[in-house]
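> What would the 3D arrangement of this be:
(one chain, ligands or ions: 4)
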Amino acid sequence: ESKLSGRNSYKLYSTTMSLAIEERLTMENELRYALRRDELYIVYQPIISGFSGRVIGAEALLRWDSEKLGEVSPEQFIPLAESIGLINLFGEWVLDQACGQVKQWLKIENGPEYVSVNVSSKQLRSQAIIDDVRLALTLHQLPPSALELELTESTLIEHTKENQQTFDILHNIGVRLAVDDFGIGYSSLSYLRRFSFDTLKIDRSFISDIPHESDATQLVEAIQSMAKSLDMKIVAEGVENRHQLNFLQQNHCYAIQGFFISEPLTELKFMTFCNERLKRNHVFLSDSLDA
Ligand code: C2E
Ligand code: MG
Ligand code: MG
Ligand code: MG
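Ligands and ions are numbered 1, 2, ... in the order given. Here you go, the predicted model:
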């Protein structure tokens, strides 16, 4: 009997396996054509000042609307793009698009000053990122300060020497460098000091427990004071309610990003969002949302 059930479970397992493999192959195939078929697009999530409420910048987030598969989450297709060697191509495209957008924003008086672009560790390793950044800045005639690159903590920890060199070059070009999802990896103070990063983006898992969990609250306060002593700016990610916003404001958080402020928006909607807020004279969102 045990043999039989063993065989059955093997059969079930292999069917599930081949389904997963088939799905992955389909997705892989579709992803290869995504750029050519114009299925990729970018949304921009507003980042506001923790002091004035002004929209100071936005994070560019890649989206894939596949003809065959519908909307696929970046959590799914980004790792796939990395593993089949498409990420450099996609990354180059995102940089170009995002730089084109921020060029428009800079024309708005008191408008957003920078766009923040996610860079995968694969892009960093290939070093193509350096040329891509130079090209995008030149092509769109942008001041380097209008571009921020987000790297996850895990990227900082691996391949230290090569990455250090790349970071130095990027830093010398003058683009801003941000540590993404800070707090869930384990970067030490010395890492942070060695790499010349400008911004820490606190992972949303810490923000979600504010202000009810005293641990989370103390942690955010600790990250704040650490960032201050390292002369880094802090962006809180994943701010979803007023309590979190109030807490962060009270703790002089430099910038805030999250669904409570706005979801990621298409280019046009982002422009509208900025203009609406400017019309209201940068009224802090916690006041204006009540209306
Ligand atoms: P990330 O860089 O940490 O981006 C923030 C993610 O949190 C986004 O998910 C955003 O939509 C989501 N988010 C923003 N505010 C809130 C909130 O208040 N609550 C919650 N629960 N979530 C919020 P998204 O767009 O699905 O992107 C997921 C990840 O995919 C990104 O995480 C980033 O690591 C990666 N990614 C996205 N676009 C790119 C890209 O162009 N290149 C690379 N290499 N990676 C990208
Ligand atoms: Mg990011
Ligand atoms: Mg993040
Ligand atoms: Mg993330």
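
> And the average pLDDT for the longest strand belonging to the chain is what?
When the chain is parsed with DSSP state E, its longest strand is strand 55-66. On average, the pLDDT along strand 55-66 is 98.

> hmm, that strand touching ligand 1?
Yes: contact of strand 55-66 with ligand 1 (Cβ under 6 Å from any ligand atom) involves 61-62. All C-beta spots, glycine's among them, are computed from the backbone N, C-alpha and C.

> quick one: N110 and I56 touch, right?
No: using Cβ atoms under 8 Å, N110 is not in contact with I56; the gap is 9.7 Å.

> Comparing those two, which residue is more hemmed in?
Between N110 and I56, counting by other Cβ atoms under 10 Å, I56 is the more crowded of the two (21 against 14).

> Write out the residues of the stretch 151-291 of the chain neighbouring ligand 2.
Taking Cβ under 5 Å from the ion as the contact definition, the stretch 151-291 of the chain meets ligand 2 at D180.

> what are the ranges of the strands in the stretch 151-291 of the chain?
Counting by DSSP state E, counting those that start in this stretch, the segments of the stretch 151-291 of the chain that form strands are 176-182, 199-202, 233-236, 255-256.

> Show me the helices in the stretch 101-250 of the chain, by range?
Here the stretch 101-250 of the chain has its helices, by DSSP state H, counting those that start in this stretch, at 121-126, 128-139, 153-157, 160-173, 189-194, 204-207, 214-229, 242-250.

> mind giving me CSV with the ones you listed and columns for mean pLDDT, mean neighbour count and distance to S18?
Shown next, in CSV, are these (pLDDT from 0 to 100; neighbours: other Cβ atoms under 10 Å; distance: least, Cβ to Cβ, whole Å):
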stretch, mean pLDDT, mean neighbour count, distance to S18
helix 121-126, 88, 19, 28
helix 128-139, 96, 17, 35
helix 153-157, 77, 19, 31
helix 160-173, 89, 15, 38
helix 189-194, 73, 13, 43
helix 204-207, 90, 20, 35
helix 214-229, 85, 15, 43
helix 242-250, 93, 18, 45
